[in-house]
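In: Got a sequence here, can you model it:
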Amino acid sequence: MVEGAVSASRVRGLFKMCLRLHRSLPHAMRSIGDAYVREEFRRHKDVNGEEAKVFLQAWTKYAVTLRTQLDAKGQQNTFGEGLSSSLLDALSEEQITQLYSLYEEIHKDE
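Out: Modelled structure (predicted):
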């Protein structure tokens, strides 16, 4: 991911920030979130510069959103954002499969 456009220290910092933010989540959400972050960062380790920028922008947005939601913890009990139908339509088959796997993991003990 470090093809000149993105520094390794920035990637590591964002990775660590996501894991630190997860410490404030309920246990089940934290374990799923930590595993997902590790897998996504590992999976995108060797992407080109433009893909790395998009990847980091998305994960930075995630970290900012989660931080904001954690700061408002007493006022709400949910985390994340809903997906619009246009965004869902733009997902690849692999992304849809991955999203469904996360959904199943979250709801398997219900």
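In: Break the chain into its domains for me.
Out: With domains defined by automatic domain parsing, the chain comprises 1-79, 80-110.
In: for the least confident helix or strand in the chain by mean pLDDT, packing partners?
Out: Taking mean pLDDT, DSSP states H and E as the measure, helix 93-107 is the helix or strand of the chain with the lowest mean score, a mean of 87. Packed against helix 93-107 by the contact rule (3 or more C-beta pairs under 8 Å, 6 or more residues apart in numbering; DSSP states H and E) you find helix 27-43. To be clear about C-beta, it is placed using only N, CA and C from the backbone, and glycine gets the same treatment.
In: The helix it packs on: how far from the chain's middle?
Out: With C-alpha atoms, centre = their mean, to the nearest Å as the basis, helix 27-43 stands 8 Å off its chain's centre.
In: quick one: average pLDDT of stretch 8-21?
Out: Looking at stretch 8-21 alone, the average pLDDT works out to 94.
In: May I see the buried residues of that stretch?
Out: Taking 16 or more other C-beta atoms under 10 Å as the basis for neighbour counts, the residues of stretch 8-21 that come out buried are V11, L14, F15, M17, C18, L21.
In: for those, which one is nearest S101?
Out: Comparing the buried residues of stretch 8-21 against S101 with C-beta to C-beta picks out C18 as the nearest, at 18.8 Å.
In: Who are the contact partners of that closest one?
Out: C18 is in contact with G33, V37, W59, Y62, A63, L66, counting by C-beta atoms under 8 Å, 6 or more residues apart in numbering.
In: which of the residues you listed lies closest to S84?
Out: Of those, the one sitting nearest to S84 (C-beta to C-beta) turns out to be Y62, at 16.3 Å.
In: what about that closest one, how many neighbours?
Out: Around Y62 there are 19 other residues, counting by other C-beta atoms under 10 Å.
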